[in-house]
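Student: Build me a structure from this.
(one chain, ligands or ions: 1)
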Amino acid sequence: MRRPTPDFLWGAATAPHQIEGNNLNSDWWATERLMPGMERSGDACDSYHRYAEDMRLLADAGLNAYRFGIEWARIEPDPGHVSRAELAHYRRMIDTALQLGLAPVVTLNHFTVPRWFAEEGGWTGEKALDRFVSYVQAATGILDGVPYVATFNEPNMLAMMVTLARAVEAGELAEWQSPTVESEGEGGQGTGRPAVLPAPDPEIGRRLADVHAAARSIVRERTDAAVGWTVAAGAYTAAPGGEQKLIEERYVREDLYFEAARGDDFVGVQAYSTQEVDANGLVPTPQHPDNTQVGTAFRPDALGMAIRHSWEVTGGVPVLVTENGIATADDTRRIAYTREALRGLLVTADEGVDVRGYLHWSALDNYEWGHWEPTFGLIAVDRETFERKPKPSLAWLGDVARRGGVLDS
Ligand code: FCB
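Tutor: Residues are numbered from 1 along each chain as shown. Predicted coordinates for the structure are as follows:
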């Protein structure tokens, strides 16, 4: 079997709002305050101050990459007002990663935006493209030495959230639904939330694709980084009779976004589980004792399926796995899941897919968009003292990295 090359990235991923804490000027901070049923991010993991410790744990374990985001709401607290101090903060993060031997993979937008941008109309507002472009112009000044830049994290999920927010505004939805939490409780103890999220409005997706293309040009002009965006890949399959519907659902939920990646230097693939589509659409995941804390099926094979699908739809754009992981309180299951997922990844590499790296979601147990209960981390965090406790899965993944992708049985 073909082995990953020594420059293959082995790492873990995070997002600013989920770990930094006190992201006061962001739209999410405001939403958390307003939405019934939503837990608040608060101090999160205090990684805004403790990022060096987080990175050192990853590097010491044997990993060579770290994906993190920079927060627009901090960098541009008011329209046109760029904070040099915040840019310097993120530059220090990049330097720290480089000094520790971690390739920094930097996300420019991971769902959250400045509150003023949301108030101006957000992604569907008239000024969206210009506003993002001017933020990216400021941000590209600190990206020297960064090998990979993702403009947007999961634009398909983002478009879905904008679609959901509209439904809430229109009074069609009473309660917040987390984009990542289908129905909580390991073993599929649901809380009664609908298990199928609405399809994102394709108009919003096309808009994000335009914004992405504009941002991509700036990143290419002003940095040496490979640039792309990351797509939430559903690894959808057809139930009997669902063959045609699968094509339609998959187009609005992900293929539109994979197609928009055709001109990119890489595409971020983010896969967790699979889901079936029948003649009526997405089939809710049946309750099962193996289901994860977020109600998804235990399907580590989703990763290989998603990589292959991305390769097909993009027509051969290099793949970087920017997220893959499992919400579980049982770290042994995390290792078992990840081992199988990596096996699937190695098979796709063997088939000839250009896979550049694997970044596990997540480095830390973090704030999961309205919920603290799901634990995806390789490292546990005490929410009062902020003490970090690496789990056995961190050492395990670090060993796999050190062995260049040789998996134990
Ligand atoms: C993805 C998000 C990420 C995290 C994981 C579990 O959809 O990009 O922030 O919430 O799911």
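Student: make it CA atoms for all contacts and neighbour counts henceforth
Tutor: Fine.
Student: What is the end-to-end distance of stretch 273-287?
Tutor: With CA to CA, to the nearest Å as the measure, stretch 273-287 spans 14 Å from end to end.
Student: same deal with stretch 30-38?
Tutor: With CA to CA applied, stretch 30-38 spans 11 Å between its terminal residues.
Student: Show me how far that stretch is from its chain's centre.
Tutor: Between the mean C-alpha point of stretch 30-38 and the mean C-alpha point of its chain there is a distance of 21 Å (CA atoms, centre = their mean, to the nearest Å).
Student: List the buried residues for it?
Tutor: Neighbour-count burial for stretch 30-38 flags Glu32, Met35, Met38 (criterion: 16 or more other CA atoms under 10 Å).
Student: measure the second one to His17 for me?
Tutor: Relative to His17, Met35 is positioned 17 Å away (criterion: CA to CA).
Student: Then Leu98?
Tutor: When CA to CA is applied, the distance between Leu98 and His17 equals 22 Å.
Student: Mind checking which of the two has more residues around it?
Tutor: For the pair Leu98 and His17, the greater number of neighbours falls to His17 (32 against 17), based on other CA atoms under 10 Å.
Student: so who does the residue lying farthest from the centre of the chain touch?
Tutor: Distance from the centre of the chain peaks at Gly241, with 31.7 Å (CA atoms, centre = their mean). Shown here is Gly241, whose contacts under the criterion CA atoms under 8 Å, 6 or more residues apart in numbering are Asp278, Ala279.
Student: and with 10 Å instead?
Tutor: Gly241 makes contacts with Val277, Asp278, Ala279, Asn280, as judged by CA atoms under 10 Å, 6 or more residues apart in numbering.
Student: Among these, which one lies nearest to Thr338?
Tutor: Using CA to CA, Val277 is the member of these that sits closest to Thr338, with 25.1 Å.
Student: surely the closest one meets Lys245?
Tutor: Yes - assessed by CA atoms under 10 Å, Val277 is found in contact with Lys245 at 6.8 Å.
Student: Which residues are in contact with each of these two?
Tutor: Once CA under 10 Å, 6+ apart is applied, the residues that Val277 and Lys245 both contact turn out to be Ala238, Ala239.
Student: excluding its backbone neighbours, what's nearest Pro79?
Tutor: Taking CA to CA, 6 or more residues apart in numbering, and ignoring the residues beside it in sequence, Pro79 has Trp116 as its nearest neighbour in space, at 7.3 Å.
Student: per-residue confidence for the one you found?
Tutor: Looking at Trp116, its pLDDT stands at 98.
Student: Now do the contacts for it.
Tutor: Trp116 touches Asn25, Ser26, Asp27, Ala73, Glu76, Pro77, Asp78, Pro79, Gly122, counting by CA under 10 Å, 6+ apart.
Student: can you redo these as CSV with neighbour count and distance to Glu254?
Tutor: Converted to CSV, the contacts of Trp116 look like this (neighbours: other CA atoms under 10 Å; distance: CA to CA, whole Å):
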residue, neighbour count, distance to Glu254
Asn25, 20, 30
Ser26, 22, 26
Asp27, 20, 25
Ala73, 24, 27
Glu76, 24, 30
Pro77, 19, 32
Asp78, 15, 33
Pro79, 13, 31
Gly122, 19, 21
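Student: Count the neighbours of the residue lying closest to Ile142 once chain neighbours are set aside for me.
Tutor: Leaving aside its sequence neighbours, Ile142 sits nearest to Arg91 (CA to CA, 6+ apart; 5.6 Å). By other CA under 10 Å, the residues close to Arg91 number 18.
Student: Show me where the stretch 251-400 of the chain has its strands.
Tutor: Secondary structure of the stretch 251-400 of the chain (DSSP state E, counting those that start in this stretch): strands located at 267-271, 275-278, 281-282, 319-323, 355-361, 379-381, 388-390.
Student: What is the first one packed up against?
Tutor: It refers to strand 267-271. The elements that strand 267-271 packs onto, with contact taken as 3 or more CA pairs under 10 Å, 6 or more residues apart in numbering; DSSP states H and E, are strand 148-153, strand 226-233, helix 256-259, helix 302-314, strand 319-323, strand 355-361.
Student: helices or strands up against the shortest one?
Tutor: In this structure, helix 256-259 packs against helix 155-169, helix 202-222, strand 226-233, strand 267-271, helix 302-314, with contacts taken as 3+ CA pairs under 10 Å, 6+ apart.
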